[in-house]
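>>> curious how this folds, go ahead:
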Amino acid sequence: QVQLVESGGGLVQAGDSLRLSCAGSRFTFEKYVMGWFRQAPGKEREGVICSSRDGITYYLDSVKGRFTISRDNSKSTVYLQMNSLNLEDTAVYYCARRLRRCSGNENEYRTWGQGTQVIVSS
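Got it, this is the predicted structure:
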């Protein structure tokens, strides 16, 4: 079955960097838009950033200049590079896939990973 598996989360200090990975399997990875979402404690899940053939789309102004997305289609993997992490970045991070265009609406993504926890401490 189609699968997305995130990895790379952990406990870091404010100002640190972290790179998350999301490996896809059992589907043609390069055909899909890949998005990263996050859900902070007590909050709804929100779109962070997305990668498609049209480029990169940011959904959070707070991560512009600090986060970026990249993908290696030969490895069926999408990455989220997070720099200058702050306390507000603490969340479970999810990757998801959809066809055609990027979207910041989680309801438009059908396949999700299990999430990876990122905790930023002061």
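>>> what pLDDT, on average, does stretch 52-62 get?
Regarding stretch 52-62, the rounded mean pLDDT is 94.
>>> pull out the buried residues from that stretch.
Residues 52, 57-60 are the ones in stretch 52-62 that count as buried (16 or more other C-beta atoms under 10 Å). (Glycine included, C-beta is placed from N, CA and C.)
>>> got it, and stretch 84-101?
Within stretch 84-101, the residues that count as buried by 16+ other C-beta under 10 Å are 85, 89-98.
>>> now, these that are in strands?
Members of the buried residues of stretch 84-101 lying in strands (criterion: DSSP state E): 91-98.
>>> for residue 109, grab phi and psi.
The phi/psi pair for residue 109 (degrees, to the nearest 10) reads phi -110, psi 130.
>>> so what's it closest to, chain neighbours aside?
Once flanking residues are discounted, residue 109 sits nearest to residue 96: 3.7 Å by C-beta to C-beta, 6 or more residues apart in numbering.
>>> how about residue 67?
The shortest distance from residue 67 to any non-neighbouring residue, by C-beta to C-beta, 6+ apart, is to residue 82 (5.1 Å).
>>> against residue 120, how distant is that neighbour?
With distances taken as C-beta to C-beta, to the nearest Å, residue 82 is found 9 Å from residue 120.
>>> which neighbours do those two share?
Here residue 82 and residue 120 have residue 89 as joint contacts, going by C-beta atoms under 8 Å, 6 or more residues apart in numbering.
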